[in-house]
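Asks: build me a model:
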Amino acid sequence: MSAKLFSPYTIKNITLKNRIVMSPMCMYSCPDEDGIVQNWHKTHYTSRAVGGVGLIIVEATAVTEQGRISPNDLGIWSDEHVSGLSELVSLIKEQGAKTGIQIAHAGRKAELKEEIIAPSAIAFNDRYQTPKEMTKENIQETVVAFQKGAERAKKAGFEVIELHGAHGYLLNQFLSPISNKRTDEYGGSAENRYRIVKETITAVKEVWDGPLFIRISANDYLEGGMTPEQYIEIVKWMKEDGVDLIDVSSGAVAPARIHIFPGYQVSFSETIKHGAEIATGAVGLITSSIHAEEILQNDRADLIFLARELLRNPYWPRTAAQELNAEITPPAQYERGW
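Replies: Just a heads-up that it's a prediction; the model follows:
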């Protein structure tokens, strides 16, 4: 049986050379707090493309200054960001990987000195400031900011856009009843809590025709919070609205005790994939090629998202290919040592 991990995967108008995805991970590496791509980003991402990753998704990139997770995040809120992102895209593509970017707004988890905003005026914990409850005008401004971010991502040449709807950031805050206590049309029922996500997807689709992913936190791990089974309905709406793949993560909408182990989120991917009949990516302590192959062969996900394992080993695809007896083509410059 040939290794599914190294089989091509077509989604919409692009084909990945394998099923290995570099998961978005913040680098907190913009020292001037301007969100501009630095040499570090060029080195960091390009090295994983050299290592053989099929799709590289650039870290959470803020659609507004107010929406940064930290002052040192990458940004896409200004046209000034496009040239650096474009150069980064060019470097990654040159080494054979497809390029994606995760566009994001931190909401109440923005660690900034300035005022921050969220669905409700509830702090994440004692360490975070209390956000201002968003007005409807704030909501519409944020939707437009996501749309403008998608336009800039397209100008920069990215082939995939992922909306960050997980880990307790703004879109996730609206989706979860733990962090959304609104009584207007953006709170209450699941359909109301989904409204800003629907509006964001719709706005992005007006300017973007490539593959659209969304990362979700499929489990809040809290009484009264979201579960994978509840997410099936919401993901069906996402699919209807034009999302192509769900990147299935979990947690972090509020402090919670989480029992983690290798592949602890894979069952959530499986539930969403089959319950909503949509492509999914599995992520979370997947470090072994054998484990990754098992997930794919048993139809538990369509793509494998690797995070910290790729920080430890930029050449993980090479190691995986050796373990799975798969042939991959090294960069010509590395043939003598591959």
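Asks: then the longest helix anywhere in the chain to CSV, C-alphas only?
Replies: Looking across the chain with DSSP state H, the single longest helix is helix 136-156. Below are the C-alpha coordinates for helix 136-156, written out as CSV (Å, rounded to 0.1, in the frame of the first residue of the first chain):
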residue,chain,number,x,y,z
LYS,A,136,-22.6,46.7,15.6
GLU,A,137,-20.5,49.3,13.9
ASN,A,138,-17.3,47.6,15.4
ILE,A,139,-18.6,44.3,14.1
GLN,A,140,-19.1,45.6,10.5
GLU,A,141,-15.7,47.4,10.6
THR,A,142,-14.1,44.1,11.6
VAL,A,143,-15.8,42.1,8.8
VAL,A,144,-14.5,44.7,6.3
ALA,A,145,-11.0,44.4,7.8
PHE,A,146,-11.1,40.7,7.1
GLN,A,147,-12.2,41.4,3.6
LYS,A,148,-9.4,43.9,3.1
GLY,A,149,-6.9,41.4,4.6
ALA,A,150,-8.1,38.8,2.1
GLU,A,151,-7.6,41.3,-0.8
ARG,A,152,-4.0,42.0,0.4
ALA,A,153,-3.3,38.2,0.7
LYS,A,154,-4.4,37.8,-2.9
LYS,A,155,-2.2,40.7,-4.0
ALA,A,156,0.7,39.0,-2.2
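Asks: outside of it, which residues touch it?
Replies: 61, 63-64, 67, 76-77, 79, 81-82, 85-86, 88-89, 101, 103, 105, 117, 134, 161, 163, 170, 184, 186, 196, 199-200, 203-204, 206-208, 210 (CB atoms under 8 Å, 6 or more residues apart in numbering). Yep, even glycine has a C-beta here, placed from its N, CA and C like the rest.
Asks: filter these down to the ones in helices?
Replies: 82, 85-86, 88-89, 170, 196, 199-200, 203-204.
Asks: who wins for neighbours among the residues you listed?
Replies: In terms of neighbour count, Leu170 stands highest of the ones in helices among the contacts of helix 136-156 at 32 neighbours, by other CB atoms under 10 Å.
Asks: what sits closest to it if chain neighbours are left out?
Replies: Gly107 (3.3 Å; CB to CB, 6 or more residues apart in numbering).
Asks: and stretch 226-236, how far from the chain's centre?
Replies: Per CA atoms, centre = their mean, to the nearest Å, the displacement of stretch 226-236 from the mean C-alpha position of its chain is 18 Å.
Asks: swap that for stretch 136-146, please
Replies: On CA atoms, centre = their mean, the centre of stretch 136-146 falls 20 Å from that of its chain.
Asks: go on, stretch 294-306?
Replies: 17 Å.
Asks: next, the distance between the ends of that stretch.
Replies: 15 Å (CA to CA, to the nearest Å).
Asks: quick check: mean pLDDT across it?
Replies: The pLDDT scores in stretch 294-306 average 98.
Asks: other residues contacting that stretch?
Replies: For stretch 294-306, the external contacting residues (CB under 8 Å, 6+ apart) are 1, 4-5, 9, 16, 19-23, 53, 55, 245, 247-248, 263, 266-267, 269-270, 273-274, 279-283, 286-287, 292, 316.
Asks: please repeat the previous calculation with a cut-off of 7 Å.
Replies: 4-5, 9, 19-23, 247, 266, 269-270, 273, 279-283, 286, 292, 316 (CB atoms under 7 Å, 6 or more residues apart in numbering).
Asks: now stretch 24-40
Replies: 41, 44, 57-60, 62, 69-75, 77, 81, 84-85, 87-88, 102, 162, 307.
Asks: check the offset of the longest helix of the chain from the chain's centre.
Replies: 16 Å.
Asks: for it, give the mean pLDDT please.
Replies: On average, helix 136-156 scores 98.
Asks: and that helix, what's buried?
Replies: 139, 142-143, 145-154, 156 (16 or more other CB atoms under 10 Å).
Asks: ok, those vs Ile178, which is closest?
Replies: Ile139 (18.9 Å; CB to CB).
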